[in-house]
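> below are the sequence and a predicted model for it; my questions follow.
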Amino acid sequence: MRFVKFEKEKEVARIVFNRPEVGNAFNGEMLKEIKEIAERLSSDEEVRVVILEGEGKHFCAGGDLRWMREMAKAEYSENYKDALLLFDTYKAVENIPVPTIAKIRGAVRGGGLGFVSVCDIAIAGKSSSFSFSEVKIGMVPSVVSSFAVRRIGYQNARRFFLTAEVFDVYKAKEIGLIDEFVEDDELEGKVREFVNLILSNKPLAVRKTKELLKLYRPYLSENFRELTAHILASTRMGREALEGFEEFLKGK
């Protein structure tokens, strides 16, 4: 794996986003790696809990703008295929058959919030910050919306999708995006507390309970996959997005 590290210590596995030089922003190859690992975990009967985290200072800054700028120059079919990959990667993580914990530090932006949304438990360091930042750069939180709205609810999505405001852990917990927050230097310890809680339970019962919980997931149809992929693909190829990519990259 080039952009994702997979670590396994007995019954605990870690998926570590490994592009710290760009705040762990994802590109197509990184998404493929995450999806491959998640699907492989579906058949790993030894693993009992999975932790998602980012290498370095940040969890995930969303999509890599340099990569998106280049993709915007490709044919619509390529952009559409790429958007479907994003949806399928989120879904693969959500479908991991054991509990998943998002260990969050630093910035979480745009599509990075999709990975928070699909985890069973989300724990953040106190200095973390969040933003559905897409409209700032001429994009739409399309694919991520399928998973984020189910986590934070429709009314919260209306506000935060449209304002792209940056919010802190207090607001993130209030709207249900995260479950707990602690001082930054206590983050690993708090994650370990939850890992130990899960490991203290009977493994088959936990897996069966996660399977049961699928029955209660808010509705997610195949149409969501196709429609949100179309919106992402077409928006990314538009003038506003191209201008937004250039403005952001020049401002860095």
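Arrived safely, thanks for sending.

> tell me how far residue 158 lies from residue 13.
Going from residue 158 to residue 13 by Cβ to Cβ, to the nearest Å gives 36 Å. All C-beta spots, glycine's among them, are computed from the backbone N, C-alpha and C.

> strands of the stretch 151-252 of the chain, start to end?
All strands of the stretch 151-252 of the chain, identified by DSSP state E, counting those that start in this stretch, fall at 167-168, 180-182.

> contacts for whichever helix in the chain runs longest?
Secondary structure of the chain per DSSP state H: the longest helix is helix 76-94. Contacts with helix 76-94, where a contact means Cβ atoms under 8 Å, 6 or more residues apart in numbering, come from 15, 28, 31-32, 34-35, 38-39, 52, 71-72, 100, 111, 114-115, 117-119, 142-144, 146-147, 224-226, 228-230, 232-234, 236-237.

> what subset of those residues is buried?
15, 28, 31-32, 34-35, 38, 52, 71-72, 100, 111, 114-115, 117-119, 142-144, 146-147, 224-225, 228-230, 232-234, 236-237 (16 or more other Cβ atoms under 10 Å).

> and the pLDDT for residue 243?
We note a pLDDT of 84 for residue 243 in this prediction.

> swap in residue 37?
98.

> just the element for it, please.
Secondary structure assignment for residue 37, by DSSP states H and E: helix 28-41.

> as PDB, could you dump the C-alpha coordinates of that helix?
What follows is helix 28-41, C-alpha atoms only, in PDB (Å, rounded to 0.1, in the frame of the first residue of the first chain):
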ATOM      1  CA  GLY A  28      -8.100   8.000  -6.500                       C
ATOM      2  CA  GLU A  29      -5.300   5.600  -5.600                       C
ATOM      3  CA  MET A  30      -5.800   6.200  -1.900                       C
ATOM      4  CA  LEU A  31      -9.500   5.500  -2.200                       C
ATOM      5  CA  LYS A  32      -8.800   2.200  -3.900                       C
ATOM      6  CA  GLU A  33      -6.400   1.200  -1.100                       C
ATOM      7  CA  ILE A  34      -8.900   2.100   1.600                       C
ATOM      8  CA  LYS A  35     -11.700   0.200  -0.200                       C
ATOM      9  CA  GLU A  36      -9.400  -2.900  -0.700                       C
ATOM     10  CA  ILE A  37      -8.500  -3.000   3.000                       C
ATOM     11  CA  ALA A  38     -12.100  -2.600   4.100                       C
ATOM     12  CA  GLU A  39     -13.300  -5.400   1.800                       C
ATOM     13  CA  ARG A  40     -10.500  -7.600   3.000                       C
ATOM     14  CA  LEU A  41     -11.500  -7.000   6.600                       C
END
